[in-house]
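Enquirer: Here is the input, now give the coordinates:
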Amino acid sequence: MSSLKSQTQAKVDAGRKNNPAFMEGVDREIEKARTFQQGEKALDINCTAPDFTLPSATGEFFQLSEALNKGAVVLTFYRGSWCPYCNLQLNALQNINGEIKALDAQLVAISPESPDSSLSAEQIKQLPFTVLSDQGAKVAATYGVAWEVPEFLLEHMRNDRQLDLEAINNGNSNILPIPATFILNKDGQVIWRYVDVDYRTRAEPQEIIEALQKG
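Expert: Reported below is the predicted structural model:
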């Protein structure tokens, strides 16, 4: 099975071939957001993660502190089910979910999508991990990974992708989390993280497993 990096890179390469002007524009916007790209505003290693309670895709409420009582938590922020890079990532994480559980940890994915628009009923039934709705990206903001999306990208989403983020996110149309994954130990401390404002790149699943093994 190919790595997540190779899958996302293939999609980037296809984008550069099929729509070079757009990809060059994305490169410019990412360069402007260099501080976010370097993770300077994100929760750092050894920091205590803020507690939160959010609704899940099944309508139940999830509290981080309660989950931590059972073991480590792998917390990943993603843009939404409409994002092809996010879908590649979630599929890759689904493939390692058994390994994560075997290491006494739990995988939790968070996006700003409202609970009733993030996944279909059938998809919810098949989920092997928890998906949460962070409307307004408020929890993402407490973790330092909420990003005001540049107009260039918003225009692409509205016109080229025909995405109505205001409807999808129940009011929030311009704040999205940057791709970020945090591993929290039972004490709620960050023991590993991946942060990059470039939504075309994601944490490699095997790195997550290795970080959990090191504890």
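Enquirer: Show me what the longest helix along the chain packs onto, helices and strands only.
Expert: When the chain is parsed with DSSP state H, its longest helix is helix 84-102. Applying 3 or more CB pairs under 8 Å, 6 or more residues apart in numbering; DSSP states H and E, one finds that helix 84-102 contacts helix 4-18, strand 72-77, strand 105-111, helix 205-214. (C-beta placed from N, C-alpha, C; glycine too.)
Enquirer: okay, these, which one's buried deepest?
Expert: strand 72-77 (a mean of 25; mean count of other CB atoms under 10 Å).
Enquirer: Could you spell out the sheet neighbours of that one, each with its direction?
Expert: strand 105-111 (parallel), strand 180-184 (antiparallel) (DSSP bridges).
Enquirer: Tell me which of those strands sits nearest to Arg161.
Expert: When the strands paired with strand 72-77 are compared by CB to CB, strand 105-111 sits nearest Arg161, at 16.0 Å.
Enquirer: From Leu154, how far off is Glu166?
Expert: 11 Å (CB to CB, to the nearest Å).
Enquirer: Comparing those two, which shows the higher neighbour count?
Expert: With neighbours defined as other CB atoms under 10 Å, Glu166 and Leu154 compare such that Leu154 has more, 16 against 12.
Enquirer: sec struct for Asn170, please.
Expert: Look at Asn170: counting by DSSP: H, G, I helix; E, B strand; the rest coil, its state is coil.
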